[in-house]
Each structure stands twice: as C-alpha cells, then as structure tokens.
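Enquirer: sequence plus the predicted model coming up.
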There are 2 protein chains.
Amino acid sequence: MSTTNKPRRVTIDDVARSTGVSRQTVSRAINDKPEIDPATRQRILTVAQEMGYRPSRFARGMVRQSTTTLGLVIADVLNPFFPEVVAGVLEAADARGWQVVIYTTASELSREQKVAETVVDHVDACVAFLLDAAAIARVADSGMPFVLMGNEDRPVELSTVRIDFASGIRQAFDHLVSRGHRRIAMIDDRNRAESGAPDVRSGLFTAAAAEYGLPVEPHWRQLATNSVQGGAAAMERLLETAPEVTAVVSYNDMIAIGAMRHAMARGLAVPGDCAFVGFDGLTLGELVDPPLTTLSIDKRRLGQAAVEQAAAQMAGTGAMADTVVRTELMVRAST
Amino acid sequence: MSTTNKPRRVTIDDVARSTGVSRQTVSRAINDKPEIDPATRQRILTVAQEMGYRPSRFARGMVRQSTTTLGLVIADVLNPFFPEVVAGVLEAADARGWQVVIYTTASELSREQKVAETVVDHVDACVAFLLDAAAIARVADSGMPFVLMGNEDRPVELSTVRIDFASGIRQAFDHLVSRGHRRIAMIDDRNRAESGAPDVRSGLFTAAAAEYGLPVEPHWRQLATNSVQGGAAAMERLLETAPEVTAVVSYNDMIAIGAMRHAMARGLAVPGDCAFVGFDGLTLGELVDPPLTTLSIDKRRLGQAAVEQAAAQMAGTGAMADTVVRTELMVRAST
DNA sequence: CTGAAAGCGCTAACAA
DNA sequence: TTGTTAGCGCTTTCAG
C-alpha cells in the first residue's frame, strides 16, 4: 500500500533540520558565503544534495530584486530571418545579465492574442514582432517596458524598432530601372496584409513606382504566405495573371527564393526573362543559384536595438525611442 | 531639488491603500475573480494602471507553485540546425504550459561552464547541447531534471537524446560505394574533436570504412569549425593533402555546403570529380546547387523527445531514458 | 563563525 | 462582496 504523502518540496528548513544547523547557515553554504566553517559547509552541501534540495527560484527572486527576464516574441524560429534577430537579442540581453524567454506565434495572427496574455505575466519586459492591434495593446497596457519590432506604421506612443522599407524600395527601383526594367511586380506578405494594419509596404511600392514613372497594375501584386513554398505559389499565380512583368520584388528573401525557383522550374531564365529582388539579406540568399539580389538589413542590430530600448525603459530613461534600420542593396546574380 | 526617494516598486498594498480597499480585493480585481463588485474592480484596475502597478512574478510563483521554466542550451541560433530543434522544444514545452529560456554557448567550449552555472539557478529543468564534461556535470549534479542532447557517447547515468550516427555513416558508405567510390574523406567538427569526449564519429567512420573494405588514410580526415566558412577552409586543406579522394562525408550540412562550394570554386565538378554527403537534412541543402545529398534527421522530433524526457523526470516517472533518432538518406544531386 | 528576527509581495482559506 | 490571517522559501540585517 502506497504511503505517498503529497511530495512537498524540500526546503532550506528541511536541510537545516537534518543538518542540525540554522537555516541561515544552510543559506551560507549553498551561496558560497565566506563566513562559514568549510567543514560545516561541506557537510551541509552533501546532505542537501542527498535530500535533493534545490533552492526555489521564486523565493530567491522575491528577496533579491535582481534578475530581469525579457520576453521575446517572434513569428517562427524556422524562418531564417528570426534567428539572426534572436542572436542580437540574446547577445544584448546577456550583456545585461538578462534571461530571455522565447515565444512564437507560428505566424498565426490568431495566436498573437494568447501569446500576449502569457507574456505579460511571465516576464519583466518584452520585445516583440506582433501585428495584431489587440495583442500589441495587451502588452503595452500591461505597463511593462515594451518594444515593438518590425512594424512599419508606428503607433506613436510606442517604442519601436523598424525597417526603413521606403528607402529600401527606392533602392530596388533605382537598381531595376537602371537595368532597364519597367514592369515590376511585388509579392507581399499575406499575414501583414491581413493584419488590418495599414498596408504600408504596398503603398510605398506604388508610390515609388509613380516616382519612377512606372506603370502599376493591380494584378502585378500577389500575396504570399511567409515561406519558400508561399513564394512559389505566388509566383505561379503571377505567371498566369501577369506574364508581362520582367522583375519581381518580394517581401522577403524566403518568398523571393521560392518565387525565383518556381520561375526557373517553369523554364524562365533568371535574370534574363525575369529578375528577382529579395528583402532581408539572409545568408541563404548567397547560397542559392543564382545568388539573390537583396535589400539587406542588419538583423542582429535590430535585436540589439530593441533590447537597448527596453533597457532604457527599465531605467526610466529615454521614453519612447524609435530606431530605424536602413537597408543596403546587395546586387547579386538574380538581377 | 530632486526628492527622488529610491524608486521602491509599487506593490499590491500601495494600490490597496490608494483605493481604500484591502489588498485581497485588489488581488481579486487583477486576477479577474468573480467574487467582486464590477464597479470596485474597475476602479481598482484604473488606479492600479495609473500607479504603474505590476504584480511581482516571484511573489506569485511563490504562492502558486505552478509555472515551470525550461532551460534550453544550444550552441548557436545562427546554425540552422538548432532552430529546428528549438521549434520542437518550444512546441512540446508549450503543450505543457512551460516557459522556455534560451542560452547559447556561441559554439565555444569555454563558455559552457558559465552557461551551466547560470542555468542551474534560473530554471526548473534543462535540455542541453553540451560537450564539456564539467559543464554537463554541473547541471546534472544540480539535481534538476536534465536531458543531454546530441552526445554520441552516452554517460549512462544521464537521460539523453542522441543521433544514430553509426547507422547514418553506414547508409552513407552504402550509397557512396554503390556509386563506385573507394577513397572517401571525412570532415569532422573541430569543437567536438576538442571537447575531450571520445572521438566517436571518426571512430565510427573508420570502423565503417573497414566494414566496406575501404582504405583509410589519416590525412583524409580534416577538422572544421562549424560553419560554411569552416567547411570551405577544411576542403581547401583536403584538396592539398588528399586530392585523390572522390567523395567527402561531412559532420553536418553547413560544413558540407562550404566544402562543396569550395571544391566547385576550385574548378572541380560535383559530383563528377568529387561527391559530397552532408548530415542533418537542413532545408538549406535542397536550395543550394547542386542540392546536397544528406543524412537527414528529424530535428524537431529531437527537441520534442528531450522535453518529453524532462517532463518524465519532473513527474518522477521513467528515470533515465535514452532516445535515439535515426537518420534517413536523402539522395540528391551532390552524389 | 552561527543564530534569531524580519520581511520580500502575493494569494488561499476562512471570517465577517 | 469584502477583510483578516497565514504562510509560500528564502536572504538580509543584526545579535550572539
């Protein structure tokens, strides 16, 4: 017959009792404090180990207000864009002795709300890629230091880290027009388009086209899910509805690569029949064939900047900053 | 003159005082408990928001012993192998309502020790890619649920999730030999070789070669740092010391891709002059040219399995499990 | 070198 | 519906 009492956790008092010392002394032993007899320390440590004692994070955190935990919300670790941002965040957080908890929304708008809910009561500060307005508000209203990343239309009352898409798109046009392209299509991100946020990128695209005196047809724009497959699918549609385009600018490199590969599979020459420009500057883009021309951004820097802003908020300094990361055109063989 | 008193945190008591209710009522309001007058709740919430009140994670955790935080130690988010594992871990952790804190060692053995130190007093359980024996011991001895990932030589007293490299290498040999290769080189991971752990992979490689009656020359083995560049550098050396090899098996896909590209840049035909086999089955391998033949493993599953084992340990169930993930040969154009 | 007292901020259980 | 009473497990004073 089982006499399993509910397995209460082993506390410092249990160890103290078993050792015949006060709980202070146990605390000294496990924290490597100097004011303790080495022999006593050793004895305590041994017993503690045997009893399976492990200090409670919470009790500790309670009494020393030190450790900061940063929540990092991204769409998907499998999208190679994010690991680079994560690297920047980890680096900057580590420099401050912060812990980083990762949350992913699986690129589903519907999950953002729930993630926001979880985040607010598990971390001290948050840097996040979030599109859903309600989710953004949930975190912002919690009052914790919060930095929104990647949003092009900045809610002015938030601290943000953004990408300068406008200048990027102009660089792309400059480049493509100088190569003689006139009919340029865009493959945009479906999630973004559906997030309800103002459709900034397409707007900028249209505006830039106008600047360069280029025609813009509505069916030269396709939406893609954020992946290589998504890009391929969008390209498939584009080839049907707009075979006349000679260049495609994509929301990001993943989509661009998918689109480019699909075009090649369909027998088009790249860049001869159709040129491709990506956005992000993933390492991946150098490895594919042909290497992808792209508007590169310093993704690591993006992450670092976000952490810096969060830190500033924690410190009460520089309230609502807004870092804008510029793009750099990397011309490769796809254009 | 500044009268800044040290900015003590706003507590539930402060809110209670300002609101003229007991702290319990405040607690009810912020936790959305039913037994409270809606008007009171609203009033409290408003005041709390104004005062910038935010509940203390620690005090909460203290009283409701619920939340579990899992530490995940990986070498480097920028190595595309890890994001897939991370995805599996996040998924499995999320299913259990666990938080995941990420730690990276930057692929530096010397950092493992420090990371181990940090991990043990910030999380409740840990799943880790760790090579350094001392670091492994540090975590294991802490007594927390711990799962070691990726180690080929299993310390029997640990819960582990491993890759079946032996069967993988045999699949590679089978394939290469059937393609007529006899002089096969290996590019191994430098960190692993230098970790002091028994050199299992090279041993298996040698053993497999023997099985197939193939010659093995010491200079057919090169060490590489874990990256595309590292692979390229190793291939450079290999071409100097062993131009006679007709196939190269690499520690992983990143290294294989670097090696393959370097060979092509040097004018070799792939797979005509030299064939390449990778290990991991990264998506990346399908995108490069030529697509990389590889020993694919279910990396996501790896992460999930680790979390499952950690969960089993938390529950006190199934003490020391050992999951072995098998490889699957994906033949593509590089061989 | 060691111990006793005093909380850290919160919620569960019980009273009112 | 609201308030009161007890801790949760630990470290930081301050005395011995």
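Expert: Everything's here; your move.

Enquirer: what about the helices in the stretch 101-250 of chain A?
Expert: A:109-120, A:133-141, A:165-178, A:190-194, A:200-211, A:228-241 (DSSP state H, counting those that start in this stretch).

Enquirer: any chance of these in a markdown table, plus mean neighbour count and mean pLDDT?
Expert: (Glycine included, C-beta is placed from N, CA and C.) Below are these laid out as a markdown table (neighbours: other CB atoms under 10 Å in any protein chain shown; pLDDT from 0 to 100):
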| stretch | mean neighbour count | mean pLDDT |
| --- | --- | --- |
| helix A:109-120 | 19 | 93 |
| helix A:133-141 | 18 | 93 |
| helix A:165-178 | 19 | 94 |
| helix A:190-194 | 17 | 82 |
| helix A:200-211 | 17 | 85 |
| helix A:228-241 | 20 | 96 |
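
Enquirer: output those as JSON lines; include the columns distance to A:Ser334.
Expert: Shown next, in JSON lines, are the helices of the stretch 101-250 of chain A (distance: least, CB to CB, whole Å):
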{"stretch": "helix A:109-120", "distance to A:Ser334": "31"}
{"stretch": "helix A:133-141", "distance to A:Ser334": "35"}
{"stretch": "helix A:165-178", "distance to A:Ser334": "11"}
{"stretch": "helix A:190-194", "distance to A:Ser334": "23"}
{"stretch": "helix A:200-211", "distance to A:Ser334": "18"}
{"stretch": "helix A:228-241", "distance to A:Ser334": "13"}
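
Enquirer: wait, which of these is closest to B:Asp124?
Expert: helix A:109-120 (16.7 Å; CB to CB).

Enquirer: which strands or helices does that closest one pack on?
Expert: strand A:69-74, strand A:99-104, strand A:125-129, helix A:133-141 (3 or more CB pairs under 8 Å, 6 or more residues apart in numbering or on different chains; DSSP states H and E).

Enquirer: quick check, it touching DNA strand C?
Expert: No: residues of helix A:109-120 contacting DNA strand C under CB under 7 Å from any atom of the strand: none, with a closest distance of 12.7 Å.

Enquirer: what does chain A have sitting close to DNA strand C?
Expert: A:21-25, A:28, A:34-38, A:40, A:59, A:62-63, A:65.

Enquirer: residue ranges with poor pLDDT in chain A?
Expert: A:1-8, A:65, A:154-156, A:196-200, A:318-319 (pLDDT under 70).

Enquirer: regarding it, what is its longest helix?
Expert: helix A:299-315 (DSSP state H).

Enquirer: what residues of that helix count as buried?
Expert: A:299-314 (16 or more other CB atoms under 10 Å in any protein chain shown).

Enquirer: for the spatially most central residue of chain A, which non-adjacent residue is closest in space?
Expert: Per CA atoms, centre = their mean, the C-alpha nearest to the average position across chain A is that of A:Ile74, at 3.9 Å. Among residues not flanking A:Ile74 along the chain, A:Phe82 sits closest, at 4.5 Å (CB to CB, 6 or more residues apart in numbering or on different chains).

Enquirer: gap between the one you found and A:Arg64?
Expert: 33 Å (CB to CB, to the nearest Å).

Enquirer: neighbour-wise, which of those two wins?
Expert: Taking neighbours as other CB atoms under 10 Å in any protein chain shown, A:Phe82 and A:Arg64 compare with A:Phe82 leading, 22 against 8.

Enquirer: tell me which element the more buried one falls in.
Expert: helix A:81-95 (DSSP states H and E).

Enquirer: what's in contact with that helix?
Expert: With contact meaning CB atoms under 8 Å, 6 or more residues apart in numbering or on different chains, helix A:81-95 is reached by A:70, A:72, A:74-77, A:99-100, A:102, A:127, A:129, A:149, A:252-254, A:280, A:282, A:299-308, B:76-78, B:80, B:82-83, B:102, B:104.

Enquirer: between helix B:81-95 and it, find me the angle.
Expert: 80 degrees (axes from the mean of the first three to the mean of the last three CA atoms, to 10 degrees).

Enquirer: what about dumping the CA coordinates of helix A:81-95 to PDB?
Expert: The C-alpha trace of helix A:81-95 is given here as PDB (Å, rounded to 0.1, in the frame of the first residue of the first chain):
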ATOM      1  CA  PHE A  81      15.100  35.900 -40.600                       C
ATOM      2  CA  PHE A  82      14.400  35.500 -36.900                       C
ATOM      3  CA  PRO A  83      17.400  33.500 -35.700                       C
ATOM      4  CA  GLU A  84      19.500  36.500 -36.600                       C
ATOM      5  CA  VAL A  85      17.300  38.800 -34.600                       C
ATOM      6  CA  VAL A  86      17.300  36.400 -31.800                       C
ATOM      7  CA  ALA A  87      21.100  36.300 -31.800                       C
ATOM      8  CA  GLY A  88      21.200  40.100 -31.400                       C
ATOM      9  CA  VAL A  89      18.700  40.000 -28.600                       C
ATOM     10  CA  LEU A  90      20.500  37.200 -26.800                       C
ATOM     11  CA  GLU A  91      23.700  39.000 -27.100                       C
ATOM     12  CA  ALA A  92      22.400  42.300 -25.800                       C
ATOM     13  CA  ALA A  93      20.400  40.600 -23.100                       C
ATOM     14  CA  ASP A  94      23.400  38.500 -22.000                       C
ATOM     15  CA  ALA A  95      25.500  41.700 -21.700                       C
END
